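**Q** A structural model of the following input is requested.
(2 chains)
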There are 2 protein chains.
Amino acid sequence: MPEVNNFLAVVDLGGTKILSAILNHNAEIISIAKKSTNSTNKNETIFSRIIATIEEALEGKNLNSNQLDGIVIGVPGSLNPETGIVNLAPNLGLKKVNVIKTIENHFNKKVLIENDANLGTIGIYHFEGKQNCKNLIAIFVGTGVGAGIVVDGKLYRGKNFSAGEIGHIKIKENGYKCGCGNYGCLETEASRTAITRIINEEIDRGKESIITTLIENRNVIKSGILAQALKKKDKVTIKAVEHAAEELGLLTGNLINMFDFDCVFFAGGVMEAIGNFMLPIIKKKAKESALKSNIKNTKILLSHLKDDAALLGGFALFKNL
Amino acid sequence: MPEVNNFLAVVDLGGTKILSAILNHNAEIISIAKKSTNSTNKNETIFSRIIATIEEALEGKNLNSNQLDGIVIGVPGSLNPETGIVNLAPNLGLKKVNVIKTIENHFNKKVLIENDANLGTIGIYHFEGKQNCKNLIAIFVGTGVGAGIVVDGKLYRGKNFSAGEIGHIKIKENGYKCGCGNYGCLETEASRTAITRIINEEIDRGKESIITTLIENRNVIKSGILAQALKKKDKVTIKAVEHAAEELGLLTGNLINMFDFDCVFFAGGVMEAIGNFMLPIIKKKAKESALKSNIKNTKILLSHLKDDAALLGGFALFKNL
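**A** Residues are numbered from 1 along each chain as shown, chains lettered A, B, ... in the order given. From the prediction side, this is the model:
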């Protein structure tokens, strides 16, 4: 595996924004550039925008791409890190596209791709969990719910490189329709999308909520708004968030029964904003559903790496830590 | 690790019977002896009965214990294979007992212990799954439901050596009480115990069932009786078994979403007897709940090793295959 002697670019390719960072050989993030994922310019592809953010991040420190040892890209979708092909990334509109080849051809540098939750998990493992957690799951709660799994200090990818799709565990027989086409997936009860739906259902039923005064369009409730509403003890928001936390707690207990993990980390936008409110509920519910013999030494905790998790994960992946 | 040059004794310690087998260096089971687990003689401990079955199995081939390289014991309970301590094996009445020490002291041979589902899983991996299934789960359906997990060709034990407790995944909010103390565990809906309860509920509601003519005490319905009733197209039995199979199928789909396994094996007494009836239902339900991208190459199949799974697993464990 190549070594990071000089600098490394890590790209966190999100549904709404592209974040490119330059890391030095000490895994320090020395420069960052962002762009929205979708362009108003029709001639711009997602690839040209990735390239532009990398170059912008380099320029921020007066570096050029020759000083890069390589590039790591985290992609929100199913992909094959060996061939470089992204099979499906719905939020990016990518289907069966070789991402490695395109970026490699431009920079003439080694490029690695990895699923975004997996990349974040590698970051959490190497920069947060390593000492105490040989076996862990990192659960990312945001627009959806995803996860990455580390077994014996190594990312566990599964046969289709698709392990960790916990957002699509079916938890309700007659549940809501999920983006995946199935009904009653965890994501329909425990994501930011689910919390938003539950809050709106309550408001539509006539319940009063501070949410209506905080934002104009209550169809999109960002995590920061949830934090504000919780701070003001908004009952509708509390109820919706408690529900999501309880479902995540039940899942956590079940995961501990099945996989007897050392640690369960929570991360992602929702957890960054309101994890302190959710974690005690998650822990309580997990304790209720897990076997005492399995949960007794399990650490259930919030990641502190925030957006850096995927960036540091890119460093660890490239360095083959 | 020690090698099997001569003979190995493997003990399958069940709640109702103790089965001891002698295997030669080719993993051939050359002799077997059985005893019921519980003795009418109060002076006999479970250890003296284990020792007696091993000696009986040896005598069956005119062997003596000096010709053994070692002994492997599969225990239905939570244990630490490193210290030899069985923390809890409710069906055997064992709690915090060092099983290795007692047996090792008697025979003066190397003794290993392992959870019974894990031992069966090692057997299934090495003698059935190895070629196509680097990552697999083996699900054992009997009086309860348990499982063993293999990751990258190696048994995955978890931090308390308690991974695979899928019988205690909570699947129903207001479910039946489980032996573990919780409510609504998978075991309360998908084990032989659950099938028995559902059949009895239906009969108590006035439904006719051939079960009442096949056995006197319908509180204990063995797997062979279920097979007979299914063969005679008994509606009450079909409904109860279908329910169990559907719950196992849903779980299978969820496991595939989470862990993207190469293979899911079904084994255990219920699967031996009526697995051919249950497997198509399990597969159908798994297909409904799993993501297409995850399930597309997953093999869902019945183990053919039956009782031999744990015995062969003992060989593989001792040989460190």
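
**Q** Find the nearest non-adjacent residue to the residue in the stretch 1-150 of chain A that chain B sits nearest to, please.
**A** Across the stretch 1-150 of chain A, the shortest distance to chain B (Cβ to the nearest Cβ) belongs to residue A:78, at 5.0 Å. The way it works is simple: take the backbone N, C-alpha and C, and place the C-beta from them, glycine included. Nearest non-adjacent residue to residue A:78, counting by Cβ to Cβ, 6 or more residues apart in numbering or on different chains: residue A:87, 4.6 Å away.

**Q** from memory that neighbour sits against residue A:98, does it?
**A** No. Using Cβ atoms under 8 Å, residue A:87 and residue A:98 do not qualify as a contacting pair, with a distance of 10.8 Å.

**Q** distance from the centroid: which residue in chain A tops it?
**A** Using Cα atoms, centre = their mean, the residue of chain A lying farthest from its centre is residue A:206. It sits 33.9 Å away.

**Q** residue boundaries of the helices in the stretch 201-321 of chain A?
**A** Secondary structure of the stretch 201-321 of chain A (DSSP state H, counting those that start in this stretch): helices located at A:211-214, A:223-231, A:235-259, A:269-289, A:292-295, A:308-319.

**Q** ok so, going back, which element, helix or strand, includes the residue nearest to residue A:78?
**A** Mapping residue A:87 onto the secondary structure by DSSP states H and E places it in strand A:85-89.

**Q** for that strand, packing partners?
**A** Contacts of strand A:85-89 with other secondary structure elements, assessed using 3 or more Cβ pairs under 8 Å, 6 or more residues apart in numbering or on different chains; DSSP states H and E, are made with strand A:78-80, strand A:94-98.

**Q** possible to save those strands as TSV with distance to residue B:186 and mean pLDDT?
**A** Formatted as TSV, the entries for the helices and strands packed on strand A:85-89 read as follows, by distance: least, Cβ to Cβ, whole Å; pLDDT from 0 to 100:
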stretch	distance to residue B:186	mean pLDDT
strand A:78-80	28	93
strand A:94-98	36	93
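
**Q** do you know which of those strands lies nearest residue A:284?
**A** Of all the helices and strands packed on strand A:85-89, the one in closest proximity to residue A:284, counting by Cβ to Cβ, is strand A:78-80 (33.6 Å).

**Q** partners of the closest one in the sheet?
**A** In the sheet containing strand A:78-80, the strands it pairs with under DSSP bridges are strand A:85-89 (antiparallel).

**Q** between the partner strand and strand A:94-98, how many degrees?
**A** Interaxial angle, strand A:85-89 versus strand A:94-98 (axes from the mean of the first three to the mean of the last three Cα atoms, to 10 degrees): 170 degrees.

**Q** Okay, buried residues for strand A:85-89 please.
**A** Neighbour counts using 16 or more other Cβ atoms under 10 Å in any protein chain shown place A:85, A:86, A:87, A:89 of strand A:85-89 among the buried residues.

**Q** now do stretch A:32-42
**A** A:32, A:33, A:35, A:37.

**Q** Residue A:124 is in contact with residue A:304, correct?
**A** No. Taking contact to mean Cβ under 8 Å, the distance of 9.3 Å between residue A:304 and residue A:124 leaves them out of contact.

**Q** neighbour count winner among these two?
**A** Neighbours around residue A:304 and residue A:124, counted as other Cβ atoms under 10 Å in any protein chain shown, are more numerous at residue A:124. The numbers are 31 against 14.

**Q** Remind me which helix or strand the more buried one belongs to.
**A** Using DSSP H and E, the secondary-structure element containing residue A:124 is helix A:116-124.

**Q** Output the contacting helices and strands for the next helix or strand after that helix.
**A** Where DSSP H and E defines the elements, the next helix or strand beyond helix A:116-124 is strand A:136-141. Applying 3+ Cβ pairs under 8 Å, 6+ apart, we find strand A:136-141 packed against helix A:116-124, strand A:145-151, helix A:235-259, strand A:263-267, helix A:269-289.

**Q** got the angle between strand A:136-141 and helix A:308-319?
**A** Computed by the same axes, to 10 degrees, the angle between strand A:136-141 and helix A:308-319 is 140 degrees.

**Q** wait, does stretch A:271-290 contact chain B?
**A** Yes. Among the residues of stretch A:271-290, A:288, A:289, A:290 lie within reach of chain B under Cβ under 8 Å from any Cβ of the partner chain.

**Q** mind listing what the first one touches?
**A** Residue A:288 sits next to A:249, A:253, B:182 when contact means Cβ atoms under 8 Å, 6 or more residues apart in numbering or on different chains.

**Q** Out of those residues, the closest to residue B:320 would be?
**A** If you rank the contacts of residue A:288 by distance to residue B:320 using Cβ to Cβ, residue A:253 comes first, at 33.6 Å.

**Q** count of residues packed around the closest one?
**A** For residue A:253, the neighbour count with other Cβ under 10 Å is 29.

**Q** any idea how far it is from chain B?
**A** Using Cβ to the nearest Cβ, to the nearest Å, residue A:253 is found at 7 Å from chain B.

**Q** Please look at that residue and residue A:300 and confirm they touch.
**A** No. No contact is recorded between residue A:253 and residue A:300 when judged using Cβ under 8 Å, the distance being 9.7 Å.

**Q** what residues do these two have in common as contacts?
**A** Taking Cβ under 8 Å, 6+ apart as the contact rule, the neighbours common to residue A:253 and residue A:300 are residue A:286.

**Q** residues near the residue in the stretch 201-321 of chain A positioned nearest to chain B, how many?
**A** Per Cβ to the nearest Cβ, the residue of the stretch 201-321 of chain A with the smallest distance to chain B is residue A:260, at 2.4 Å. The burial metric for residue A:260, expressed as a neighbour count using other Cβ under 10 Å, is 26.

**Q** Contact partners for it?
**A** With contacts defined as Cβ under 8 Å, 6+ apart, the neighbours of residue A:260 are A:135, A:294, A:298, B:157, B:158, B:159, B:160, B:161, B:162, B:163, B:164, B:165.
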